[in-house]
Structures are given as C-alpha cells and as structure tokens.
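Asks: no sequence for this one, just the structure:
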C-alpha cells in the first residue's frame, strides 16, 4: 500500500468578535414605578431599582464568542495505478497533484486550511480500488477523490462515489459506460472514448485517409474504442477499417499486425490498447508498415522515446487536453522539471489541474461538504490555460464542451527548460471541434 502523501502548511486565522450593542431604554409608567427594559445579545433583562432600594450593579455582558475555524487539513484522495499494466500513469499524475497542493498551501490553503493528499494504489483491481475508496472516505475523511485510469477501475469507483456521495474526478477511465443519467458525484477530466473516435474521424477526413488499421485491448475501454471506430470511422464513405482484438497484457503484437498487412493501413489507431500502443508502433515499423500516423491514448513521452528511439518522430501521436503551446504550460512544466527532474507529460498536467479544480470548487462552495462540492463542480465552469477546454459539466457529470488536441512528436529540442537535452518536442497538429457528449443510459 502506498504511504499517504501529506503536504501541510498552516497559517493562523484571526477573527474579531462582534461589538456588543444595547437597545435604547424604553420608558413606561406602571403604578408609581419605572421599569427599564433592555436587552443584550444574550437576551438579558434588567429591573430599574425604586428609590427605597439599594441599586444593584448592572452586569457587563460577555462578548459573543466566534468559533475558531478548523485548522484541520482538507483531505483529497488519490486513487491511481502504481502497480499493474497501467502503473506508468500513476507517478506523474501524483507528482502533478503534489506540486499543485504545495503551491496552494504556500498561498494559505483553501478556506484557511491546508490541503492534504491521501494516496492509494488501485492495483488494477476493481474490488481493491472500491475498498480503498471506502477506506479513504471513512478512515481518512476525504472530501473528494481523483485519479482512476483504467475504465474497469473507473466503473467500480464511480459506483462507489455515487453510493458514498463523495465527488470523484476521473483521470482517464473514459469508457462511456461509467456515466448514468442519475450520476451526481462522478466527473470527467478527459472526454469519453466515443468522442476520441469522433475527433479521430475528423482528422482522418481532413487528411483523406482511406485505409485504417486498429488493435484494441480486450476490456471495457478497448471495446468502447472499437464501438467508436465502427460508428464514426467505418461509416466514412470510401474508408476501409480492420480492427483486431488483443489481450490487455499482450506484448507480442506481430500476429495481429500480420493480419493487417494486406490492408496496408495509411493510419493506425492504437488508442484502444493503452499498455501496448508503443509496442504496436515499434513492431509495425519492424514489419515494414508505412502508416503516416500511429495514434495512442496518451503521450507518456519518455516511454514512447524509450521504446522507439529516433523513430518516435515517424508518426507517434496521441490526443490530449493539454495545450502544449501555451505560455502557461511552459511556465508550469519548467517548474515541474526543476522540482522532479522530469518532463511534465499530460498525466502530470491532469493531476495538477484536478487539484486546482477542486481548490476552486471548495472556494466557490465556501465549504468542504461533499454534496455542496459536487453541486459546485456540476454547475460551475472552471477555466485554466493549461487545458484547451473548460471543465464544465452535464447534469450527470460528463464534460459539456470538450475538445481534443492531436499531439505529435517532432524532431528538434523543445523551447526553454521544459525538457533540456531532448532532441524531440511535442507539436499540436490538429484540434477537434467542440464535441457533444453521448447520452448516457438511464
């Protein structure tokens, strides 16, 4: 089990007590004696003495005490993969989240309290992930959670989020089957799988490709991509599509690639096999494929470069929400590089954005109550220059106005200190239209 990540910076918050006021004396006559009626904030009444009586001292009311705000940290759960076939996604996501927490706490935290991360490994096990979510809720008292990557994990944890009524912001986990119309606590960071294929279809039309090959993994996300290919790409007039299905843990894709050899794909969709997308391109090049592009699900840049070497610039690409060309990305990525000695890929950007999104929602809600937090996320619109679209949501928590940018490896070093020493950089080669989220099941 991963140790909790605790980042705590506290600051004192002084609040002044209210001044005590007294109502004006009200005079009346009653059987030869005067009665003074007065009240303080405590609701006290006093009797004015008659001349024969010895005056009693009037007690001075105590100032009203204002409760001291809680200095306890606001805890956010991180449910991310640190073992199993998706383990490469967890560490950069967590580092991005940690950096955001440190920045926010250095400025005083949220609602006068520091943020703190409580981290769990999802282990690519839906039951274990759901149990970890319960533990974060009941033992750690988290007010929200972020991080699921695998769609199978997303399905399990989203059901648990709705049951526990704790907001869950999915990192990836983009199968459209996660969202139901009655969802109120599950939210996306990236568009659902069918929309990735809508964006891919737009790019294919723009380029005029006619022969499309694909290999997908045999699990929920892979089949969502397959359905999207069949609906949005195979339906393009004059386009021929062939899809092969491989196990999630497959390492040797040559048998599947040989089945695609006769098609001679102009463009290759490896989006549906996250663990194997880089190997698919490597083995396709070794078999002599001449596809102009190999699109994967996410740019884990160091892994692509490690797998492909200089050939990474021969067509490796992926869709992302990150605006790599923005000045904001350059500034944050240089800080990330200085802090972690690593390139800030879009996994790290997603973790960073998730934390700032939750901090914004906590401030907007004025509370750490999970229900108020979920309502604020659902009804709000969070914009950050690192993303090419705002985080706004449908009633059931899907992205309301997403787009996707197609990012490709290009030869030559990046600008500034984003990734010093590298002989490649990322370039945005296509941005989709604003995509319409699919209607969920009831």
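Replies: All right, it came through fine. Note that this is a predicted model, so its numbers are computed, not measured.
Asks: pLDDT weak spots in this structure?
Replies: Across the chain, the ranges flagged by pLDDT under 70 are 1-70.
Asks: longest single helix anywhere in it?
Replies: helix 346-365 (DSSP state H).
Asks: contacting residues for residue 201?
Replies: Contacts for residue 201 (C-beta atoms under 8 Å, 6 or more residues apart in numbering) come out as 232, 233, 236. Heads up, the C-betas are built off the backbone N, CA and C, glycines and all.
Asks: from the residues you listed, which ones fall inside strands?
Replies: Judged by DSSP state E, the contacts of residue 201 include no members of strands.
Asks: relative to residue 205, which of those residues is nearest.
Replies: Using C-beta to C-beta, residue 236 comes nearest to residue 205 of the contacts of residue 201, at 6.3 Å.
Asks: circling back to that earlier point, output the contacting helices and strands for the longest helix of the chain.
Replies: Applying 3 or more C-beta pairs under 8 Å, 6 or more residues apart in numbering; DSSP states H and E, one finds that helix 346-365 makes contact with strand 74-80, helix 90-106, strand 144-146, strand 168-169, helix 327-340, helix 370-379, strand 381-382.
Asks: next, format those as a markdown table and append distance to residue 293 and mean neighbour count.
Replies: Formatted as a markdown table, the helices and strands packed on helix 346-365 follow (distance: least, C-beta to C-beta, whole Å; neighbours: other C-beta atoms under 10 Å):
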| stretch | distance to residue 293 | mean neighbour count |
| --- | --- | --- |
| strand 74-80 | 29 | 27 |
| helix 90-106 | 24 | 22 |
| strand 144-146 | 31 | 28 |
| strand 168-169 | 30 | 27 |
| helix 327-340 | 23 | 17 |
| helix 370-379 | 35 | 19 |
| strand 381-382 | 32 | 14 |
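Asks: now render these as TSV, adding distance to residue 269.
Replies: Shown next, in TSV, are the helices and strands packed on helix 346-365 (distance: least, C-beta to C-beta, whole Å):
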stretch	distance to residue 269
strand 74-80	26
helix 90-106	24
strand 144-146	28
strand 168-169	27
helix 327-340	26
helix 370-379	32
strand 381-382	31
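Asks: closest to residue 305 out of those?
Replies: Closest among the helices and strands packed on helix 346-365, once you apply C-beta to C-beta, is helix 90-106, at 14.5 Å.
Asks: any idea of the angle the helix or strand just after the closest one forms with helix 90-106?
Replies: Moving toward the C-terminus from helix 90-106, the next helix or strand (DSSP states H and E) is strand 115-121. Orientation note: strand 115-121 sits at an angle of 170 degrees relative to helix 90-106 (axes from the mean of the first three to the mean of the last three C-alpha atoms, to 10 degrees).
Asks: in strand 115-121, what's buried?
Replies: By 16 or more other C-beta atoms under 10 Å, the buried positions in strand 115-121 come out as 115, 116, 117, 118, 119, 120, 121.
Asks: buried ones in the following helix or strand past it?
Replies: For strand 115-121, the following helix or strand on the C-terminal side (DSSP H and E) is helix 126-138. Buried residues in helix 126-138, defined by neighbour count with 16+ other C-beta under 10 Å: 126, 128, 129, 130, 132, 133, 136, 137.
Asks: and residue 289, which of the helices and strands packed on helix 346-365 is closest to it?
Replies: Closest among these, using C-beta to C-beta: helix 90-106, at 29.2 Å.
Asks: quick one: that closest one to helix 346-365, angle?
Replies: 40 degrees.
Asks: how distant is helix 90-106 from the center of its chain?
Replies: 12 Å (C-alpha atoms, centre = their mean, to the nearest Å).
Asks: next: stretch 160-173.
Replies: Relative to its chain's centre, stretch 160-173 lies at 11 Å (C-alpha atoms, centre = their mean).
Asks: span of that stretch from start to end?
Replies: 15 Å (C-alpha to C-alpha, to the nearest Å).
Asks: so which bits of that stretch are buried?
Replies: Neighbour-count burial for stretch 160-173, counted by 16+ other C-beta under 10 Å, picks out 160, 161, 162, 164, 166, 167, 168, 169, 170, 171, 172, 173.
Asks: and the gap between residue 404 and residue 333?
Replies: 20 Å (C-beta to C-beta, to the nearest Å).
Asks: sorry, wrong one. I was asking about residue 321.
Replies: Noted for residue 321: a distance of 15 Å to residue 333, by C-beta to C-beta.
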